[in-house]
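Engineer: Compute the structure for the input listed below.
(chains A and B)
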There are 2 protein chains.
Amino acid sequence: MSVTTTRIAAVDTYDIRFPTSRELDGSDAMNPDPDYSAAYVVLRTSAGGHEGHGFTFTIGRGNDVQVAAIDALRDHVVGRPVAELCADPGSLYRDLTGDSQLRWLGPEKGVMHMAIGAVVNAVWDLAAKREGKPLWQLLADADPAWLVSQIDFRHIGDALTPGEALELLRQGKEGAADRASRLLLRGYPAYTTGPGWLGYSDEKLVRLAREAVADGFTQIKLKVGADLADDIRRCRTARETVGPDIRIAIDANQRWDIAEAIEWTKALAEFDPYWIEEPTSPDDILGHAAIRSGVHPIKVATGEHVQNRIVFKQLLQAEAIDFLQLDATRVGGVNENLAVLLLAAKFGVPVCPHAGGVGLCELVQHLSMFDFVALSGSTEGRAIEFADHLHEHFVDPARIHGGRYRTPTAPGFSATMHRAAIDTYRYPDGAFWAADLAATGTKERA
Amino acid sequence: MSVTTTRIAAVDTYDIRFPTSRELDGSDAMNPDPDYSAAYVVLRTSAGGHEGHGFTFTIGRGNDVQVAAIDALRDHVVGRPVAELCADPGSLYRDLTGDSQLRWLGPEKGVMHMAIGAVVNAVWDLAAKREGKPLWQLLADADPAWLVSQIDFRHIGDALTPGEALELLRQGKEGAADRASRLLLRGYPAYTTGPGWLGYSDEKLVRLAREAVADGFTQIKLKVGADLADDIRRCRTARETVGPDIRIAIDANQRWDIAEAIEWTKALAEFDPYWIEEPTSPDDILGHAAIRSGVHPIKVATGEHVQNRIVFKQLLQAEAIDFLQLDATRVGGVNENLAVLLLAAKFGVPVCPHAGGVGLCELVQHLSMFDFVALSGSTEGRAIEFADHLHEHFVDPARIHGGRYRTPTAPGFSATMHRAAIDTYRYPDGAFWAADLAATGTKERA
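Structural biologist: Okay, here's the model as predicted:
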C-alpha cells in the first residue's frame, strides 16, 4: 500500500435496537410488536475525517444476524482506496453481489442482500460527504453515462437496456436546475402513517388524524387486515374525521391470499381507500396482478419487502402495481435503487417510497428528490411515507413542514446517528439495554 | 417443567467447510470455486439418546452467517417437549416462519429461511429416528389429514387448497404398499452431474461420461454459460461420447438474460439437450415462461435457488417450467417441501430434485421416494441428481447402484455426519483447517 493513498481502514458494526414495542408504535397485522432496529455500519478511512454511515432497518430479533452478514463483507471493503471507491461505488456493489460463495445465500435477497445494501449506502454517504453535497444533489448533478455505469442490468435487460436508461436520464436533465430550485424552496410531498397503527385506540386514531390534517398532510394511511369488523369501524372513523378530500391509503402488510385480498378490500371500498398496500406476499407477482384487476378502481401499492430489481421488473411487466414503494435498505443500496427508479420511469409508474421505521425517512427522501429533479421530473401522484419516530437520533434528521419533506442540504445521505444514540441503544450492552436487562433480570429473546 | 417430560435440551451448531475448491469439483458458470459447506445443527434432548440432525448447504464464505441465523432460532426450540414436537413439526415451522420480528429479514427467503429449514429438517430427522423409520416411509405411512396439517397454505391458496391436497394424498394411498415394495427392491432413478463441471478438462469429461454410462446412468448433466464456443465443443464431445440415447441436460446456473438464454440454448440444440436448467434468475417467473416458449421443444428446469413455495406456485401457474427441482435445504424444510410436492402434483409437473453439494443427495432422496410411494405414484420423467462428493462423511450415505438411488432403510433423514467429519472440517478450528491455516500462515477470507 502506498502511504499517500487514503484507504478504508475499518468497517465498524453495531446492533442498535429501540424499545418501540412498548408503545405499539409500528404495530400492524403481521408485525404486532416491532422494536425498530438498525444493523449499523461505519466506514472509517486511514486519513480520519469523513466517515461513511449506513444501516439495514430491522424490527428487533435477528438484528444480530444482520450485523453478522455485514461483518462477512468486511474483507471486500477494508483496504480499498477511498477516492476510487467513491468515484465508482458500483465497483464494490458488483464485487459484493458477485462474490460467488456469498451469492449462494441469496442470490440478491434477504439478509445477505440487505447487508450489501447497508455497506453500499455507507459508501454513497461517504462519497456525498466528500463532495460536500446532499446525496440527492450528487445524483442529480451526475453525468447520465456515469449513473448508467452504476447499474447492474443483469436480469433486467429484457425490460430496461443501458441505452434506454441513458436516454431517460438525459431527458431528466431538461429543466433539472429549475426543479432543484423549487425543491429547495418547497420540499417534497409526504403522507403520514402516524394515525393508523393497528395497536392504537380509536380515540388516538381520531386525534392523530385530525392533527395530520391540521399539519398539512393530504394523505394518511391505516393498517388493516387483522379483523374486518375492526377495519370497517376504523376506516369509517377515519373517513368521518378527515372528510372526503383527504386520501386514506390502507395497508394489509401481506396478510391475505388473493381471493381474500379482493373481498376484504372491496368490503372497505365505501370508505374510498386510495390504495391497498401489500395485500399479499411480496413475492407474488401474479397474485398482485390478479388483485389489481379484482379491486379496480382502488389502486395497488407494494415494494417495502420486494427483494430486488428483478421482482420489481416483473411487477411492472405484469401491470401488477399502481405505485412502486421502494425501500432504501431492502435492496442492494443506491445502485440497485437507481435501477428501480429507472424501471419505474420506463413503465410510467409513480414511486412512493416506504419509510418510517428508524432512519428510513432520512435515506429515502434523497432518492425521491433525485427522481424529481433529474429523472421523472414530477411529484404528481407521488409522496414519501412519513412516521414521526426516532428522528432525534440522527445528526441530520428528516424534517417535515406543511405535510412536505424539507429538502436536506447537509452533505451526505443523512444516515449518521448521534454517537450518544449508538452508545445508549446498542444491544445488549448499551446504557438503555444494560439497565433494562438488569432491571428485568433477563436477557430478552435475541 | 415436569421432570418426566423429555424436552429439547440444546441446539448445537457447527460451521463445517470442505476444501472442494481445490479440485474444481462443483465449478459452474456462476460458482467457479465452491467450498462445499454445511451450517449444521444438532438437537439434543434432556433424555439423551436420539438426536435430530439438520443443516443448510452453502458453498463456503457466509457459512458463519448461516450458523448465526440458526443460533437466532434457538430460543424457539429449547425446552419444547420432544414428543409433542415430533408429533407436530408443523407447530415449530409455523412459529419460526411466523416470528414477527425475524420475519422482517425475509419473509421466507434467504439466510433466515434456510436456517428455519435446517432446524425443521432436524426435527423430522429426530421424529423419524424415534419412529424407527426412514423419513420417506414415515411420510408415506402418515395419515393424509395429518400431512395436510403440516402445510402452511398461506399465499398458495389460490393454487392449492387443503381440500385438494387431502384428495391428492388420499389418491396417493392407492397402491402405495406395492410401490413401497418395488422401491425397496429397485431404488429410484438418478442422473449424474459428475462429468460436467465447468472446471474439468475435455479428457476428464470424456472419461467420466463413459464411466457414467457404464455405471448405468441414462442421463448426465453439463454446466454451460461461460463461453459459447467452449459449450459447443463440450456438448459435441459429450454427445459423441455417450451416443444418441443418453440424455444430456445442460445447466447455466442463472447466467443469462432472457434473449441471451434463448439464443444460447438454441445454439446448443443440435446436441439434443434434454433440459436447460437455471437459464436466468431464479426470481424471474415471467422470464422463465418466456424462455420456455422460446426454446421449445427443449425443456426448462429450475428450482435449486427458488426461495419458497410462493415462487414455485407462480412458476407452475405461469407454465414456466417442465421440471421442478426442489432443494432440501433452500426452503423451510420438509413442511414447505410437502407443499411444493403437492403443488407439482396438482399441476402435473415432474419433480427432479437438486442434489450434490454436501448432504443434499442424502436428504432429497427421502422426498422423491415419498412422492413416488404416496403422492405422484410415478417415477416417469423423474430422476434425482447425483454427484459423488463427500458421502463418506455421513453415517447413512446415499448409495447408487446401476444408475439408481438405493432406498434408505435406516431410521431418520440420513442427515447425520460422522463426529470425526465435524471435528476435522469445523471452520476455522477443526483439525484440517487448523493445520491448513497454520501452514498458509493466514486465515482465509471468511
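
Engineer: pLDDT below threshold where in chain A?
Structural biologist: For chain A, the stretches flagged by pLDDT under 70 are A:1-3, A:24-26, A:30, A:441-446.

Engineer: Can you show me the strands along it?
Structural biologist: A:8-17, A:37-45, A:52-58, A:188-196, A:219-223, A:247-251, A:273-277, A:299-302, A:323-324, A:384-386, A:400-401, A:404-405 (DSSP state E).

Engineer: quick one: the fourth one to strand A:273-277, angle?
Structural biologist: Angle of strand A:188-196 versus strand A:273-277, following axes from the mean of the first three to the mean of the last three Cα atoms, to 10 degrees, is 80 degrees.

Engineer: Likewise for the first one?
Structural biologist: Counting by the same axes, to 10 degrees, strand A:8-17 points 110 degrees away from the direction of strand A:273-277.

Engineer: For strand A:8-17, buried residues please.
Structural biologist: Buried positions in strand A:8-17, judged by neighbour count with 16 or more other Cβ atoms under 10 Å in any protein chain shown: A:8, A:11, A:13-17. Bear in mind the C-beta positions are built from the backbone N, C-alpha and C, glycine included.

Engineer: hang on, isn't residue A:209 packed against residue A:217?
Structural biologist: No. Using Cβ atoms under 8 Å, residue A:209 is not in contact with residue A:217; the gap is 9.3 Å.

Engineer: And the buried residues of strand A:8-17, which is closest to chain B?
Structural biologist: The closest of the buried residues of strand A:8-17 to chain B turns out to be residue A:17 (Cβ to the nearest Cβ; 9.9 Å).

Engineer: Spit out the contact partners of that closest one.
Structural biologist: In this structure, residue A:17 makes contact with A:35-37, A:60, A:63, A:425, A:427, A:433, judged by Cβ atoms under 8 Å, 6 or more residues apart in numbering or on different chains.

Engineer: ok, which pair from the residues you listed is furthest apart?
Structural biologist: A:36 and A:433 (13.9 Å; Cβ to Cβ).

Engineer: quick one, which of the two is more surrounded?
Structural biologist: In this view residue A:36 and residue A:433 are compared by other Cβ atoms under 10 Å in any protein chain shown, and residue A:36 has more residues nearby, 26 against 20.

Engineer: In this structure that one contacts residue A:390, no?
Structural biologist: Yes. Between residue A:36 and residue A:390 there is a contact at 6.3 Å, judged by Cβ under 8 Å.

Engineer: shared neighbours, these two?
Structural biologist: Common neighbours of residue A:36 and residue A:390 (criterion: Cβ under 8 Å, 6+ apart): A:18, A:20, A:358.

Engineer: okay if I get the residues you listed as a markdown table plus distance to residue B:43 and neighbour count?
Structural biologist: What follows is the shared contacts of residue A:36 and residue A:390, written out as a markdown table (distance: Cβ to Cβ, whole Å; neighbours: other Cβ atoms under 10 Å in any protein chain shown):
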| residue | distance to residue B:43 | neighbour count |
| --- | --- | --- |
| A:18 | 33 | 23 |
| A:20 | 33 | 21 |
| A:358 | 35 | 30 |
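
Engineer: So which of those is the closest to residue A:52?
Structural biologist: Closest to residue A:52, out of all of those and judged by Cβ to Cβ, is residue A:358, at 18.3 Å.

Engineer: The closest one reaches residue A:390, doesn't it?
Structural biologist: Yes. Between residue A:358 and residue A:390 there is a contact at 4.6 Å, judged by Cβ under 8 Å.

Engineer: shared neighbours of these two, anything?
Structural biologist: With Cβ under 8 Å, 6+ apart as the test, residue A:358 and residue A:390 both reach A:18, A:36.

Engineer: how near is residue A:252 to residue A:368?
Structural biologist: Noted for residue A:252: a distance of 24 Å to residue A:368, by Cβ to Cβ, to the nearest Å.

Engineer: Pick out whichever of those two has more residues nearby.
Structural biologist: residue A:368 (26 against 23).

Engineer: List the residues that contact that one.
Structural biologist: A:188, A:351, A:353, A:382, A:384, A:405.

Engineer: Would you mind confirming that the last one is in contact with residue A:191?
Structural biologist: If I follow you right, that is residue A:405. No. Residue A:405 is beyond contact range of residue A:191, at 10.6 Å (criterion: Cβ under 8 Å).

Engineer: Quick one: neighbours of the residue of chain A found nearest chain B, just the number.
Structural biologist: Per Cβ to the nearest Cβ, residue A:110 is where chain A lies closest to chain B, at 2.0 Å. Residues within reach of residue A:110, counting by other Cβ under 10 Å, total 27.
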